[in-house]
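*Asks:* dropping the sequence and predicted coords here.
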Amino acid sequence: MANRLIGDLPKIGIRPVIDGRERGVRESLEDQVMALAKSAAKLIEENLRFPSGEKVECVIADTCIGGVAEAAMCANKFSKENVGVSLTVTPCWCYGTEVMDTDPLIPKAVWGFNGTERPGAVYLAAALAGYTQKGLPTFGIYGRDVQDAGDLNIPQDVQEKILRFVKSGLAVAQMNGKSYLSIGYSSMGIAGSMVDSDFFQKYLGIRTEFVESVEILRRIDEGIYDQEEYAKALEWTKANCKEGVDHNKPQNKVDAARKQYEWETVVKMTLICRDMMIGNPKLIEKGYREEGLGRNAIMGGFQGQRQWTDYKPNADFTEAILNSSFDWNGIRQSFVLATENDSLNGVAMLFGHLVSNTSQIFSDVRTYWSPEAVKRVTGKELSGKAKDGIIHLINSGSTTLDATAQQRDAEGNPAMKPFWEITEEEAQKCLDNTKWPQADREYFRGGGYSSQFKTAGEMPVTMSRVNLVKGLGPVLQIAEGWTVELPEDVHAVLDERTNPTWPTTWFVPRTNGAGAFEDVYSVMANWGANHGAISYGHIGADLITLAAMLRIPVSMHNVDDSKVFRPSAWASFGADKEGSDYKACATYGPLY
């Protein structure tokens, strides 16, 4: 468990604020205020980890904050400690604007303890009014039930909001200053692969790094990769990645020598793409310091089609292995690498990875199958969660092998878990349930191998996507739902109608009979692009909170209103929650 990117991991700053009147008032509150801060820190540190496995660390101000001098002392400490998220806590009245956190780039929240003995809720309202008036959007946390003055327990509803805020805030902090590595550029006219540097810089704090695909050829030709690791990786690949059926027409099939060359090439490509993202000290030892430093890429994309894939083996193996939670070196944090260099889908993958700590599925949002259409072509009726129709998620490239759904949660249900919870047996099952057929050489003239599996069982998942809209900017789409497993005879018929050499996930979004979620068809019809990023778990509420921090409005979601958590200032932009989201994001503009 180690941070593989340059820069220390961000910390959570806890700000205990207090009534500054000494000679009685402040002294009576010191212990309680600091105890609440410690309780909040304990909650966070016991429940949250980074995607790289390290536990989240909290930093508490050295003293309670009763005025501007102590607020400045706290800010100074936080800057030295690399604090990236700010949580203010108090059970009492404080001097609102005097004790506030004024850093405009750090996500911030205020928890005002709901008790009658001291007016923490009154301070909360005053503080939020001040933050709103000064243009510093802040999340307000207020428990539903009144607590006794000495109660240091954090109610469940408050816990949920604190953790949601912190998870999303840490995602913001982790992205800032990192890179998106674009290997190649535009793929087949896909707008999402026309990487918009301004969007990445202004909204995410991420710089864009462009490397032409020929760099991979250079490193292969000149041997700029770890030769020992390559031998290990190739041996592991031969043992664990079994070829599937070659569906190519007879005139397009290749001999064993060519297939061996393609395996060797895609393994080298995997090493090289990883090294370009995060560097490799082994290359520095070999005298390739520039290449060995990497690009500090928290995410990336590979153009592939068509110039690369008309000439060389495709990157399906590379993308699938890097996006999985394991490889020849064992179980480890997954990468985020978008196929076809669809940077906007890569952003949605990154969002999901940072708030869930799990690997991500990249798919075409390919086909809506109505119950009637399924009955017509298979003679069978859909049932269970699939009874009202299904969406076929399938793509040649970067779907994680974790999506085979061979991992299990504590109750024994199919799951996709943070890497530190995955067992060796579960990782092996994911590999054993994946085949690698030869790529369709009419699509991929250079050959290669695509992963082939069917997501097994029912898992809660969230599909999301970032789109850029001319004149508006970025918007986020969210659809919570479930993977479903179709009977094998039904799956086979439907799968054969597209490309049976690719991994399939059958998805059913949760519908509510209205708007974009009127039914399953409506979700498909309203999706804003050809790709979607699918994350394990129902994380839509976390994504909404994260989007608000970045000033990205949500154009479509099916998250329950009670779980939507945005800065308090959003309430000043109208009674309609989604309309106010658009107005607030436009008013405040991108975070950076």
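*Replies:* Great, that's in hand. What you see is a predicted model; the values in this text were computed from it and never measured.

*Asks:* which parts of the stretch 351-500 of the chain are helices?
*Replies:* Remark: helices assigned in the stretch 351-500 of the chain by DSSP state H, counting those that start in this stretch are 371-378, 424-432, 488-496.

*Asks:* which residues does the closest residue in space to residue 327 that isn't next to it in sequence contact?
*Replies:* Excluding its sequence neighbours, the residue lying closest to residue 327 (CB to CB, 6 or more residues apart in numbering) is residue 321, at 5.4 Å. C-beta: built from backbone N, CA, C; applies to glycine. Contacts for residue 321 (CB atoms under 8 Å, 6 or more residues apart in numbering) come out as 270, 327, 401.

*Asks:* I'd like to know how far the second one sits from residue 501.
*Replies:* Spelled out, that is residue 327. 22 Å (CB to CB, to the nearest Å).

*Asks:* which of the two has more neighbours?
*Replies:* Between residue 327 and residue 501, residue 501 has the larger neighbour count (other CB atoms under 10 Å), namely 24 against 21.

*Asks:* isn't residue 172 right up against residue 165?
*Replies:* No - using CB atoms under 8 Å, residue 172 makes no contact with residue 165, being 10.7 Å away.

*Asks:* who touches both of those two?
*Replies:* 85, 107.

*Asks:* quick one, which of those two is more surrounded?
*Replies:* residue 165 (26 against 21).

*Asks:* leaving out sequence neighbours, find the closest residue to that one.
*Replies:* residue 109 (4.7 Å).

*Asks:* using the three-state scheme, assign that neighbour.
*Replies:* strand (DSSP: H, G, I helix; E, B strand; the rest coil).

*Asks:* and for it, the neighbour number?
*Replies:* 26.

*Asks:* quick one, helices of the stretch 101-250 of the chain?
*Replies:* 120-133, 156-175, 197-199, 214-221, 227-240.

*Asks:* compare the mean pLDDT across those and name the weakest.
*Replies:* Among those, helix 120-133 has the lowest mean pLDDT, at a mean of 91.

*Asks:* and that one, what does it pack against?
*Replies:* Applying 3 or more CB pairs under 8 Å, 6 or more residues apart in numbering; DSSP states H and E, we find helix 120-133 packed against strand 83-90, strand 108-112, strand 139-141.

*Asks:* and of the ones you listed, who's closest to residue 235?
*Replies:* Proximity to residue 235 (CB to CB) singles out strand 83-90 among the helices and strands packed on helix 120-133, at 41.1 Å.

*Asks:* residue 511 reaches residue 523, doesn't it?
*Replies:* Yes - Residue 511 is in contact with residue 523 according to CB under 8 Å; the separation is 7.2 Å.

*Asks:* which one of those two has more residues nearby?
*Replies:* Shown here are residue 511 and residue 523; by other CB under 10 Å, residue 523 has more neighbours (26 against 19).

*Asks:* now the more buried one: how far from residue 389?
*Replies:* 9 Å.

*Asks:* same question for residue 509.
*Replies:* Residue 509 is 10 Å from residue 389, by CB to CB.

*Asks:* joint contacts of the two?
*Replies:* Counting by CB under 8 Å, 6+ apart, the residues touching both residue 509 and residue 389 are residue 520.

*Asks:* more crowded one of those two?
*Replies:* residue 509 (25 against 21).

*Asks:* and that one, how far from residue 574?
*Replies:* Separation of residue 509 from residue 574 (CB to CB): 27 Å.

*Asks:* kindly report the same for residue 29.
*Replies:* Distance from residue 29 to residue 574, by CB to CB: 37 Å.

*Asks:* go on, residue 538?
*Replies:* 27 Å.

*Asks:* of the two, which one has the most company?
*Replies:* The neighbour comparison of residue 538 against residue 574 (other CB under 10 Å) goes to residue 538, with 19 against 14.

*Asks:* wait, what's in contact with the more buried one?
*Replies:* Taking CB under 8 Å, 6+ apart as the test, what residue 538 contacts is 460, 461, 462, 480.

*Asks:* let's have those residues in CSV, adding distance to residue 372, neighbour count and pLDDT.
*Replies:* Shown next, in CSV, are the contacts of residue 538 (distance: CB to CB, whole Å; neighbours: other CB atoms under 10 Å; pLDDT from 0 to 100):
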residue, distance to residue 372, neighbour count, pLDDT
460, 27, 17, 98
461, 25, 26, 98
462, 28, 30, 98
480, 25, 23, 98
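
*Asks:* which one of those residues is nearest to residue 204?
*Replies:* Using CB to CB, residue 462 comes nearest to residue 204 of the contacts of residue 538, at 19.4 Å.

*Asks:* for the closest one, give me its contacts.
*Replies:* Per CB under 8 Å, 6+ apart, neighbours of residue 462: 352, 478, 479, 480, 481, 534, 535, 537, 538, 539, 540, 543.
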